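> Dropping a prediction and its sequence here:
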Amino acid sequence: MPSSPRSGPSSLPRSTEVPLPAGATAVSALRWAGRRLTGFVDSPSVDAEVLLLSVLGGTRARLYAAGDLVLTSVVAGQFVSLVERRGAGEPLQYLTGRQVFRGLDLQVGPGVLVPRPETEVVVERALALIAAVPSPVVVDVGTGSGAIALAIAAERPSAAVWATEVSGAALAWAGRNAAGLGLERVAFVEGDLLSGLPRALQGTVDLVVANPPYLPQALVESAAADVRDHEPRVALVSGPTGLEVPSRLIASAWAWLRPGGWLVMETWPGQAEDLVALLGDAYGEVAARPDLAGSLRMVEGRRPVRS
């Protein structure tokens, strides 16, 4: 989920359209797209490069080495269409169909949340917590594209990884990613939070990890168009306060964790202290941890080991 959904225009006005000149080269097309996207995306030049590469293929170095290459009418048309759609608010990753997450090339598109770099820190912490467990059992709640579950499975082959998702559309993306990466051993189940898991797992899970919907409704309404109008609300909005889904997960994870098992959740700085308080009612070793920028990005708690 976005760390703090940015505000921005909802659409690139059609009245400002300036056509790509006939016979445009790769470099002149990039300049045109950069100007077209300025004021509507955070990194217009970067987005322009990514979109042109998605049409042409190849690498950034080769793109500039062949900067005087004249675009064919077909390529130019495809590129202009992508630039206009990006300016109108479609997520860049939906337009290219992919997002890299901890080295995994994930397929993404409408119906699934785009994995964010901030979530990679959550995976890093999850792996650290199960490092000493020989064959850990891990459950990724609300898996979306499968990013967290597949990263853990790829980096910890001895782990038995389960992943749940309430959205059938998102679960289909996760399944495609697992197949594309050769990680079909991850078990995906459809259901709300942990409800779809086999009951035999109760009390045996070493780690429950989640990037749940944690944003208040009002915060999403003021977000930029790519978040507000395109990414699935079920993956973003928890409710009026933002605590509704995380608090349910805190309550339900307890029965699935083994004594000594961990719950780790992504959050945002405005919510971290509230979640620490909720965790403190039943869990031990409760903490809020920062991301690389120093913002409180995740919370964790451990089911106490009872004698």
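Structure's in. What do you need?
> does residue 286 sit in a helix, a strand or a coil?
Here residue 286 is recorded as strand under DSSP: H, G, I helix; E, B strand; the rest coil.
> Make sure it is actually in contact with residue 278.
No: the criterion here is CB atoms under 8 Å, and residue 286 misses it with residue 278 at 9.2 Å. (Glycine included, C-beta is placed from N, CA and C.)
> which non-adjacent residue is nearest residue 25?
Nearest residue to residue 25, sequence neighbours excluded (CB to CB, 6 or more residues apart in numbering): residue 68, at 5.1 Å.
> Tell me how many other residues crowd that neighbour.
9 (other CB atoms under 10 Å).
> Could you tell me the phi and psi values at it?
Here is the backbone geometry of residue 68 (degrees, to the nearest 10): phi -90, psi 10.
> ranges for the strands of the stretch 1-150 of the chain?
98-101, 104-107, 137-141 (DSSP state E, counting those that start in this stretch).
> what's the closest of those to residue 157?
Nearest to residue 157, of all those, is strand 137-141, at 12.1 Å by CB to CB.
> ranking the strands of the stretch 1-150 of the chain by burial, who's on top?
strand 137-141 (a mean of 26; mean count of other CB atoms under 10 Å).
> any idea of the mean pLDDT in that one?
Averaged across strand 137-141, pLDDT comes to 98.
> Can you give the strand pairings for that strand, parallel or anti for each?
Sheet pairing of strand 137-141 (DSSP bridges) gives strand 160-165 (parallel), strand 205-210 (parallel).
> hang on, residue 208 packs against residue 257?
Yes: taking contacts as CB under 8 Å, residue 208 lies within contact range of residue 257: 6.3 Å.
> Which residues are in contact with each of the two?
Common neighbours of residue 208 and residue 257 (criterion: CB atoms under 8 Å, 6 or more residues apart in numbering): residue 263.
> Please say which of these two ends up with more neighbours.
Of the pair residue 208 and residue 257, residue 208 is the one with more neighbours under other CB under 10 Å, namely 28 against 23.
> What separation is there between that one and residue 162?
Distance, residue 208 to residue 162, by CB to CB, to the nearest Å: 10 Å.
> Kindly report the same for residue 289.
In this view, residue 289 and residue 162 are 24 Å apart by CB to CB.
> Neighbour count for those two, which is higher?
Higher neighbour count among residue 289 and residue 162: residue 162, with 24 against 15, using other CB under 10 Å.
> thought the more buried one was touching residue 141?
No: applying CB under 8 Å as the test, residue 162 and residue 141 come out as separate, 9.3 Å apart.
> before we move on, back to that, any chance of the strands of the stretch 1-150 of the chain in CSV, with distance to residue 246 too?
Shown next, in CSV, are the strands of the stretch 1-150 of the chain (distance: least, CB to CB, whole Å):
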stretch, distance to residue 246
strand 98-101, 22
strand 104-107, 24
strand 137-141, 10
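> what's the closest of those to residue 46?
strand 98-101 (14.1 Å).
> Please work out how many residues are found near the residue lying closest to residue 59 once chain neighbours are set aside.
Setting aside the residues directly before and after it, residue 59 is nearest to residue 53 in space (CB to CB, 6+ apart), at 7.6 Å. Using other CB under 10 Å, residue 53 is surrounded by 16 other residues.
> Give the closest residue to residue 111 in space, chain neighbours not counted.
residue 169 is the one closest to residue 111 (CB to CB, 6+ apart), at 3.5 Å.
> give me the element the one you found is part of.
helix 168-181 (DSSP states H and E).
> ok, and for that helix, which residues are buried?
The neighbour-count check on helix 168-181 (16 or more other CB atoms under 10 Å) flags 170-171, 173-178, 181 as buried.
> so it versus strand 160-165, what angle?
In terms of direction (axes from the mean of the first three to the mean of the last three CA atoms, to 10 degrees), helix 168-181 departs from strand 160-165 by 150 degrees.
> which secondary structure elements does helix 168-181 contact?
On a contact count with 3 or more CB pairs under 8 Å, 6 or more residues apart in numbering; DSSP states H and E, helix 168-181 meets strand 104-107, helix 147-155, strand 160-165, strand 187-190.
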